[in-house]
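> whatever this is, show me its structure:
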Amino acid sequence: MKALNRVVELLSWIALVIGGILILLMALIVTYGVFRRYVLLNPEYYSVEISLMIMVWCFVLAAAHVERKEQQIRNDLLSSMLPPKGQIFLLQVFTPIAGLVFVGTMTWRSWINAFYSLQIGEVSAATLWGVPLFPIKIVVPIGYGLLCLVLLIKLINGVISLFAAPAKVEIGDSLARSE
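Numbering: from 1, shown residues only. So this is what the prediction gives:
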């Protein structure tokens, strides 16, 4: 389990770094588009489309790392009213199960969508240069697949924490505790 945890940690960190680099690239592309439009008075139309594609990649690639580090926005109004075992169940068992159902479905459907895009040779209709959409669409199931791994590890650690002795029970980063 420790080896899988470290591999997922490394992969989520790499995905986060790639997402950060893509944000910088997106900023450069948008700056270029603004420069062409307002300084050179010669607008181009592809910087917006490329930026939107990169934005989707950034979101999908960063999601696993954010979940792994438990840095997502969370409303703890309900969980704070529960006893410690109830908090562990809600936050580390039920939530990962619900997340796996949703993200697993998104991963499965996005794989189907990406490979269908490859089969038919789908290209973007928004621009004249026809960007192939398969390379853009394949990032979604890869990122969500990594998020599924993070949620699965979180679920396993949550079940272990649920049945642990009361002295060992603590709410926090369930992925870091298993190391």
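
> tell me which residue is most central in this structure.
A63 (2.4 Å; C-alpha atoms, centre = their mean).

> dump the residue contacts of that residue.
A63 is in contact with G143, Y144, L147, counting by C-beta atoms under 8 Å, 6 or more residues apart in numbering. (Glycine included, C-beta is placed from N, CA and C.)

> which one of the residues you listed sits closest to I29?
Lowest distance from I29 to these (C-beta to C-beta) belongs to G143, with 20.3 Å.

> would you map the helices across this structure?
Using DSSP state H, the helices found in the chain span residues 2-34, 46-68, 84-88, 95-120, 134-137, 139-162, 174-177.

> show me what the fifth one packs onto, helices and strands only.
Here helix 134-137 touches helix 46-68, helix 95-120, going by 3 or more C-beta pairs under 8 Å, 6 or more residues apart in numbering; DSSP states H and E.

> starting at the chain centroid, how far to it?
Chain-centre distance of helix 134-137: 16 Å, with C-alpha atoms, centre = their mean, to the nearest Å.

> only alpha carbons, please: show that helix as CSV.
What follows is helix 134-137 as a C-alpha-only set of coordinates in CSV (Å, rounded to 0.1, in the frame of the first residue of the first chain):
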residue,chain,number,x,y,z
PHE,A,134,-8.4,13.5,-29.4
PRO,A,135,-5.2,14.8,-27.8
ILE,A,136,-7.3,17.4,-25.9
LYS,A,137,-10.0,15.0,-24.8
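
> still on that earlier bit, which of the helices of the chain sits most buried?
Among those, helix 139-162 has the highest mean neighbour count (mean count of other C-beta atoms under 10 Å), at a mean of 21.

> can you list contacts of that helix?
For helix 139-162, contacts defined as C-beta under 8 Å, 6+ apart pick out 1, 4-5, 8, 11-12, 15, 56-57, 60-61, 63-64, 67-68, 85, 88-89, 91-93, 96-97, 99-100, 103-104, 106-108, 110-111, 114, 168-169, 174-175, 177-178.

> what is the neighbour count of E44?
E44 has 13 neighbours, counted by other C-beta atoms under 10 Å.

> these two touch, right, it and V30?
No - with contact defined as C-beta atoms under 8 Å, E44 does not count as touching V30 (11.6 Å).

> any shared contact partners between the two?
With contacts taken as C-beta under 8 Å, 6+ apart, E44 and V30 have no neighbour in common.

> I'd guessed L133 sits against I120; true?
No - contact criterion C-beta under 8 Å: L133 and I120 do not qualify, at 9.7 Å.
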